[in-house]
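need a structure here:
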Amino acid sequence: MKKLNKKKSILGIISIIVAGVACIIPGGALIATIIGAPLIIFSWRRPILALLSGLINIINLIFLSPTMWLAMGFAEIDNSGGAISLGKSYVMVQIIAIFIMGIVTFITWLSTKKI
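Numbers count the residues shown, from 1 in each chain. Below is the predicted model:
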């Protein structure tokens, strides 16, 4: 039974590690979106770890990502404003991943609940 519990939480732990690494390296916004968002969805068996990973990714995308800040700065110089919509779309991907994970967790909880 303990091996099964370890296997359940491995994707959640990997998603937190990916979120932490994405905060440190340049281009982390792209890593958080492409790799982190699917890991959030697939770690539905441990929703606390998935939610924590999603919140770390959102904080990284909004405040800590130098790539996003540079892109927004260049877009501001060109008066194109395209990077702000890029930033919004990256954050929305994380929010949608958390929402899908919540729905899957809730459906699983309902299916295991005894009536």
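
make it CA atoms for all contacts and neighbour counts henceforth
Noted.

please report how far Ala37 lies from Gly73.
Ala37 sits 25 Å away from Gly73, going by C-alpha to C-alpha, to the nearest Å.

isn't Cys60 up against Leu30?
Not quite, residue 60 is Asn, not Cys. No: Asn60 is beyond contact range of Leu30, at 10.8 Å (criterion: C-alpha atoms under 8 Å).

show me the shaky parts of the chain.
Counting by pLDDT under 70, the chain has low-confidence residues at 1-7, 72, 75-76, 80-85, 115.

identify the residues contacting Ala29.
For Ala29, the contacting residues are 22, 57, 60-61, 65, 67-68, 90, taking C-alpha atoms under 8 Å, 6 or more residues apart in numbering as the criterion.

and those, which is closest to Asp78?
Each of those was scored against Asp78 by C-alpha to C-alpha, and Met68 proved nearest at 15.3 Å.

contact partners for that closest one?
Taking C-alpha under 8 Å, 6+ apart, we find Met68 in contact with 29, 61-62, 83, 87.

can you list these in CSV and add distance to Lys113 and secondary structure?
CSV is the format used below for these (distance: C-alpha to C-alpha, whole Å; DSSP: H, G, I helix; E, B strand; the rest coil):
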residue, distance to Lys113, secondary structure
Ala29, 38, helix
Leu61, 37, helix
Ile62, 38, helix
Ala83, 45, helix
Gly87, 39, helix
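
now these as TSV including distance to Ile14?
Compiled in TSV, these are given as follows (distance: C-alpha to C-alpha, whole Å):
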residue	distance to Ile14
Ala29	17
Leu61	18
Ile62	22
Ala83	29
Gly87	24
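
which residue is nearest the middle of this structure?
Gly54 (3.6 Å; C-alpha atoms, centre = their mean).

where's that one, which helix or strand?
Taking DSSP states H and E as the definition, Gly54 sits inside helix 47-59.
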